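> Task: produce atomic coordinates for the following.
(2 chains)
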Amino acid sequence: MNFECLSSWLRGSRHWCAVVAALFYVSGACAASGQSGEADARIPDVMKLKSRVTDPDGILEREELRVLSRELESRARNRALEFYLVIYAKPLGRDLAALAEEFQKNTVPRGPGGVILVSFADQRVSVFLTEEMLEYIAKDELQKILDRAVAVFDPTRTISDNLRGMFSQLLNDLDELRERDRKRRQRVPWIVSLAVSAAFLFVGLSVAGFILLRKHNLFDRAYYFRETAVVERYGGRMSGGHSAEVTFPPRPQRMRR
Amino acid sequence: MNEKSELRCPNCGNPVVLRESGECAECELHVDRLDELAGTVPRHDSLVTDYQEAMSPAAARRLSAFLLRLGRQFPQATFSAFFFPPPEGLPHRLYAFWLANRGRFSSLAARGGKNFSVLLLLDCDRGVAVLTVGYGLEHFLTEEALTLCLEKGRSRMQRGDYAGTVRVVMSEVARLMRAEAHRENFVPQLEREVEREGGADEF
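Coordinates of the predicted model:
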């Protein structure tokens, strides 16, 4: 594949990103030629991909294939991102998005990951992500990711390098999104506990304030007694000496303030 | 009125039996006789009087504010704490009785059944506390209830926290008074309302 073809493919892919983002795949603007609907021998009957990079038409050199495989393998190992890449050079008889979906369902049914399917013949790329990935990727976010991935293409580099750069960018962004989501989820219990604590604090302070207000009679509640008829005794006008007495240990002299 | 309350003479402790002159029939207790023993009334504040330096001036101010707030709940009543050693030979209970009558802690109009004053006499040096009430409250607070109020402050007395003692004792008295006032559910007719009603009658 020459660079002219690649650059036209890239220009087209920018145009189609917006359309495909909603459907979670991206495709290049091209004339869909040669899609007859017949079964293609290159597509396995059992839709499970056995290696990280599948290149049935031999576009990439063996060394390039190995480097790409290693790249995706290290992603899977270090970041737990299970991504598979399928590259076709010749036109396929099937819809690329449907094919990517089938690959994804059979190869990466669950967990973070997906399948990236590239068809050089009709210059289309389809990305199908798992449910787990879609949980934390907004539609507009996916569009931006794809734009950034395409932007890394450089005509002066080899196809393999460009592909690797694009997938690296794409996977880095997805990985970053996943990390952000993980951190956000980590913060949720803290936020909830803080909110609950704040609520309890608020209720506690309110109750304490109410008790204090009552204690200090700031509601101005007043109590009255009915005047009773008494016979004044022992010459006392105010009190009849009705009292109680208790004793306690006397204060030592040193305690005098 | 609590049926169990039985008024006794503060001197001899016998149930009240009076002569025509108002003296106790048993011990001839009369406040005029106590004047000779007690002498002149010490200068005092209506809320906290601390002759024994039982607390710091700041604590005394805080205690005064506390008693003032307590008094707002009972507009008829006054709450006073008096730290003073009675003269030698004069029992604390008698001195408290004399002080409550001569001390003018409440207004002059608050006489007889209109007097709702509460006086706590504390002698820190001899370790005696007396709680006495005016005529108006003796129907609501029995001697047992007053003793209970004093007992509530015993631990603080023993620790030497006299301001705390006054707070606890007076709070307990106020609690009992609130309960009694709730039971009585008496709402006095305000003077303005009486005047308004009187004015309306004229027209």
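
> Assign a three-state SS to the residue nearest in space to the middle of chain B, would you?
Nearest residue to the geometric centre of chain B (C-alpha atoms, centre = their mean): B:Val118, 2.3 Å. When classified by DSSP: H, G, I helix; E, B strand; the rest coil, B:Val118 comes out as strand.

> Who are the contact partners of it?
Residues near B:Val118 by C-beta atoms under 8 Å, 6 or more residues apart in numbering or on different chains: B:Ala77, B:Thr78, B:Phe79, B:Ser80, B:Leu131, B:Thr132, B:Val133, B:Gly134, B:Leu137, B:Met170, B:Val173. Just so you know, the C-beta spots here come from the backbone N, C-alpha and C atoms, and that holds for glycine as well.

> and with 10 Å instead?
The neighbours of B:Val118, taking C-beta atoms under 10 Å, 6 or more residues apart in numbering or on different chains as the test, are A:239, B:67, B:70-71, B:74, B:77-81, B:100, B:105-106, B:131-134, B:137, B:141, B:146, B:149, B:169-170, B:173-174, B:177.

> Does the nearest residue to A:Thr54 once chain neighbours are set aside lie in a helix or a strand, and which?
Nearest in space to A:Thr54, with sequence neighbours left out and distances taken as C-beta to C-beta, 6 or more residues apart in numbering or on different chains, is A:Val86 at 4.5 Å. Using DSSP states H and E, A:Val86 sits in strand A:82-88.

> Neighbouring strands - and their directions - for that strand?
Using DSSP bridges, the strands paired with strand A:82-88 are strand A:53-54 (parallel), strand A:113-119 (parallel).

> now the first one: mean pLDDT?
What it means is strand A:53-54. The pLDDT scores in strand A:53-54 average 86.

> What segments of chain B are strands?
B:48-50, B:77-83, B:116-123, B:128-133 (DSSP state E).

> In its sheet, which strands sit next to the third one, and in what direction?
The one in question is strand B:116-123. In the sheet, strand B:116-123 lines up against strand B:77-83 (parallel), strand B:128-133 (antiparallel) (DSSP bridges).

> Out of those strands, flag the one nearest A:Pro155.
Smallest distance to A:Pro155 across those (C-beta to C-beta): 95.6 Å, for strand B:77-83.

> Okay, helices next: where are they in the chain?
By default, I'm working from chain A. With helices called from DSSP state H, chain A shows them at A:3-21, A:62-79, A:96-107, A:131-135, A:139-151, A:159-215.

> wrong one, chain B
Taking DSSP H, the helices of chain B run over residues B:31-38, B:57-73, B:92-102, B:143-152, B:154-159, B:162-184, B:191-202.

> Tell me what the residue nearest to the centre of chain B is bridged to.
B:Phe79, B:Val133.

> Name whatever forms a beta bridge with the residue nearest to A:Thr54.
Assigned bridge partners for A:Val86, using DSSP bridges, are A:Thr54, A:Leu117.

> The residue in the stretch 51-200 of chain A that chain B sits nearest to: neighbouring residues, count only.
Nearest to chain B in the stretch 51-200 of chain A, going by C-beta to the nearest C-beta, is A:Phe200, at a distance of 28.4 Å. A:Phe200 has 10 neighbours, counted by other C-beta atoms under 10 Å in any protein chain shown.
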